[in-house]
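Undergrad: Sequence and predicted model, in that order:
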Amino acid sequence: MRWLSAVGIRDLYAMMRYQRSRQLLVAENGLTVGTGPVGSSLPTTWRHHLGLARAYEAARTAVDAVALTAGRPAPAAADSADPASLRLWLGSALTLLGLPDEEPWPARRTMPRRPAPMTSWTGGTCYGLQKPSGARGDRGGHADARDRMDGATRREVLPGVSVRAYRRAVRAVLHLQQRTEVLAAERDREASVAFGKARLAYLVAEEDFVACPATAAFTAYYVSRLNLRTLFTSGRQARPMDTLAEQLLVAALAAPTCRPWVLASVLTRWSVLDRLDDAQCGRLMGLYYEQLAASSRALRRAYDVRRDPTHMIVRAGDDSSTWNSATRAFNQARTGWLNLMRGLGYDDVIEASCPGKVPALVAADVAAWHRREGRDQHADVQVWADLPLPWDVVLGDDSCAAELVRQACQRHGVDPETTGWTQPYRQGLTELPAPARDLVHGVTVSSPLLAEILRKIDVFSGQAPPR
């Protein structure tokens, strides 16, 4: 606590007393608290795809048997949890089996399912969700629908391999190829969730984190502020940087054991970047752009090309959870990348390629609330609709110069510099420290009066108890 001023220490103790009083309230009334931080329903880990061990093992066994019988070298082993490693293995396996190395048919529908008119059993018209045409996409559920080698070619290229063994290998490999694309999408989703919640802190080594107590204190506190739950409100959300975080940052930068790399993993202010060497800045720039690319791929998969881009309100069939987590990660990674490029003097790169921001999907009730108060959608939605799709710009399929962004902002009365379109977004004001609105999950309260009191002080979540 020697790092903080008297005001900072008072704010910190006030938060600690609030948390302690809530814990006592929960304990005295026999309430159950879910996994995660004390008094919080937030999970301690994020959902993580375990990989394709079974599918890969089945495909590897079938392909190795074909290679051994034909006297051909088997593909080198791959990591079943890494999509890039699996794609290398699949390239060799497809070549061995004489299959084209092209993008597979999707294992999942790429377009959201929309209610369509149907004829009911009474003869009337109703609306429902149509079933997909195949279990694994639009090819009738067959994983080996592509052209295989005919018998003569197979006997020439793979002598001694039976048709049964060959077709078994083809089915296993093409099935693994479809599953690999699903795994790659999951990895992008996981990266978006992790970055949106913790920036690059989840990549920081433990020894670097604990090397400087002041750096660790700021990083832990700032990440906890990033994880604040969004409020159901028609106004603005709380910003992560508050007065206590500012004091912790000053103390971390002044500490003799300061770890600028750890600070830069969550905050790309120029005062932090100035303490990094050129190699660290280059690595950080690459990491931020990779996060941009991961969230861009997630956004491309989730985007409905039939959507009106000026109407970013949730509709039936929208995967708003994936979209909003990807937009959060994209916009934060974009801000960090702009900070890096501007801070390191690469303004010409930004002028040549400046991807726009991506708006989140707004719930219909919140949108109605805005309209009732006489406000329409945010002006940024109109700007984004006038620009090339940001993920296409990031992934190199389109271009968007900073001047094009300025022109779109001017048409809609938006200042491109202060609103974060062509300059890194700056938090307009510093929040005052306040206890987070953590939720108690699975609360079982027999008294409606107590339940009402808990709701008023943001303790009762209203969710069903865990089974």
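TA: Yep, that arrived. Numbers count the residues shown, from 1 in each chain.

Undergrad: Where does the prediction get shaky in the stretch 101-250 of the chain?
TA: Along the stretch 101-250 of the chain, the parts satisfying pLDDT under 70 run over 105-116, 127-146, 231-236.

Undergrad: now the helices for it?
TA: 151-157, 163-198, 206-210, 213-226, 243-254 (DSSP state H, counting those that start in this stretch).

Undergrad: How far off centre is the third one?
TA: Going back to what we said before, that points to helix 206-210. A distance of 25 Å separates the C-alpha centroid of helix 206-210 from that of its chain, computed with CA atoms, centre = their mean, to the nearest Å.

Undergrad: just stretch 359-373 next, same as before
TA: In terms of CA atoms, centre = their mean, the centre of stretch 359-373 is found 22 Å from the chain centre.

Undergrad: Equivalent analysis for stretch 200-215, please.
TA: Here the centre of mass of C-alpha atoms in stretch 200-215, compared against the chain's by CA atoms, centre = their mean, lies 22 Å away.

Undergrad: What are the contacting residues of that stretch?
TA: Residues external to stretch 200-215 that are found in contact with it (CB atoms under 8 Å, 6 or more residues apart in numbering): 3, 194-195, 216, 219, 223, 248, 251-252, 254-255, 257-259, 261-263, 265-266, 284, 287-288, 291. Every C-beta, even on glycine, is put in place using the N, C-alpha and C of the backbone.

Undergrad: try 7 Å
TA: Residues from elsewhere that reach stretch 200-215, judged by CB atoms under 7 Å, 6 or more residues apart in numbering: 3, 194, 216, 219, 223, 251-252, 255, 257-259, 261-263, 265-266, 287.

Undergrad: Compute the first-to-last residue distance for it.
TA: Using CA to CA, to the nearest Å, the gap from the first to the last residue of stretch 200-215 comes to 14 Å.

Undergrad: Name the residues of it that come out as buried.
TA: Using 16 or more other CB atoms under 10 Å as the burial criterion, the residues of stretch 200-215 that qualify are 200-201, 204, 209, 212, 214-215.

Undergrad: Could you do stretch 171-184 as well?
TA: With burial defined by 16+ other CB under 10 Å, the residues of stretch 171-184 counted as buried are 171-181, 183-184.

Undergrad: chain center to that stretch, what's the gap?
TA: Offset of stretch 171-184 from its chain centre (CA atoms, centre = their mean): 22 Å.

Undergrad: give the contact list for R375.
TA: With contacts defined as CB under 7 Å, 6+ apart, R375 has no neighbours.

Undergrad: and it, backbone torsions?
TA: Comment: the main-chain dihedrals of R375 come out as phi -120, psi 140, following degrees, to the nearest 10.

Undergrad: Spatially nearest residue to the residue nearest to the spatial centre of the chain, not counting backbone neighbours?
TA: Per CA atoms, centre = their mean, the C-alpha nearest to the average position across the chain is that of S192, at 1.8 Å. Closest residue to S192 apart from its sequence neighbours, by CB to CB, 6 or more residues apart in numbering: A329 at 4.0 Å.

Undergrad: And for V266?
TA: Of all residues apart from its sequence neighbours, R199 sits closest to V266 (CB to CB, 6+ apart), at 4.3 Å.

Undergrad: Now do the same contact list for that neighbour.
TA: The neighbourhood of R199, defined by CB under 7 Å, 6+ apart, consists of 226, 265-266, 332.

Undergrad: Show the average pLDDT along the strand or helix carrying S85.
TA: Assigned by DSSP states H and E, S85 belongs to helix 83-96. Predicted confidence along helix 83-96 averages 96 (mean pLDDT).

Undergrad: Just the C-alpha atoms of it, please, in PDB.
TA: Output of helix 83-96 as PDB, limited to C-alpha atoms (Å, rounded to 0.1, in the frame of the first residue of the first chain):
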ATOM      1  CA  PRO A  83      -5.400 -26.400 -36.400                       C
ATOM      2  CA  ALA A  84      -2.300 -25.300 -38.200                       C
ATOM      3  CA  SER A  85      -0.500 -28.600 -37.400                       C
ATOM      4  CA  LEU A  86      -3.600 -30.600 -38.500                       C
ATOM      5  CA  ARG A  87      -3.800 -28.700 -41.800                       C
ATOM      6  CA  LEU A  88      -0.200 -29.600 -42.600                       C
ATOM      7  CA  TRP A  89      -0.900 -33.300 -41.900                       C
ATOM      8  CA  LEU A  90      -4.100 -33.100 -43.900                       C
ATOM      9  CA  GLY A  91      -2.200 -31.700 -46.900                       C
ATOM     10  CA  SER A  92       0.100 -34.700 -47.000                       C
ATOM     11  CA  ALA A  93      -2.800 -37.100 -46.400                       C
ATOM     12  CA  LEU A  94      -5.000 -35.700 -49.200                       C
ATOM     13  CA  THR A  95      -2.000 -35.900 -51.600                       C
ATOM     14  CA  LEU A  96      -1.500 -39.500 -50.700                       C
END
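
Undergrad: in that helix, what counts as buried?
TA: Using 16+ other CB under 10 Å as the burial criterion, the residues of helix 83-96 that qualify are 83, 85-86, 89-90, 92-94, 96.

Undergrad: Could you tell me how many residues sit around the residue nearest to S192?
TA: For A329, the number of neighbouring residues by other CB atoms under 10 Å comes to 28.

Undergrad: which of the contacts of stretch 200-215 are buried?
TA: Of all the contacts of stretch 200-215 considered here, the ones buried according to neighbour count by 16+ other CB under 10 Å are 3, 194, 216, 219, 223, 251-252, 255, 258-259, 261-263, 265-266, 287.

Undergrad: Quickly name whichever of those residues is closest to T322.
TA: Sorting the buried ones among the contacts of stretch 200-215 by how near they are to T322, with CB to CB, puts A194 at the top with 13.9 Å.

Undergrad: Any figure for the gap between the closest one and Y202?
TA: 5 Å (CB to CB, to the nearest Å).

Undergrad: Could you pull up the contacting residues of W261?
TA: Contact analysis of W261 by CB under 7 Å, 6+ apart lists 208, 276, 280.

Undergrad: Please confirm that it is located within a helix.
TA: Yes. The secondary structure assignment for W261 places it in a helix, going by DSSP: H, G, I helix; E, B strand; the rest coil.

Undergrad: Which parts of the chain are strands?
TA: Using DSSP state E, the strands assigned to the chain run over residues 115-119, 125-129.

Undergrad: what separates D82 from Q177, distance-wise?
TA: As defined by CB to CB, D82 lies at a distance of 15 Å from Q177.

Undergrad: no wait, P390
TA: In this view, P390 and Q177 are 29 Å apart by CB to CB.
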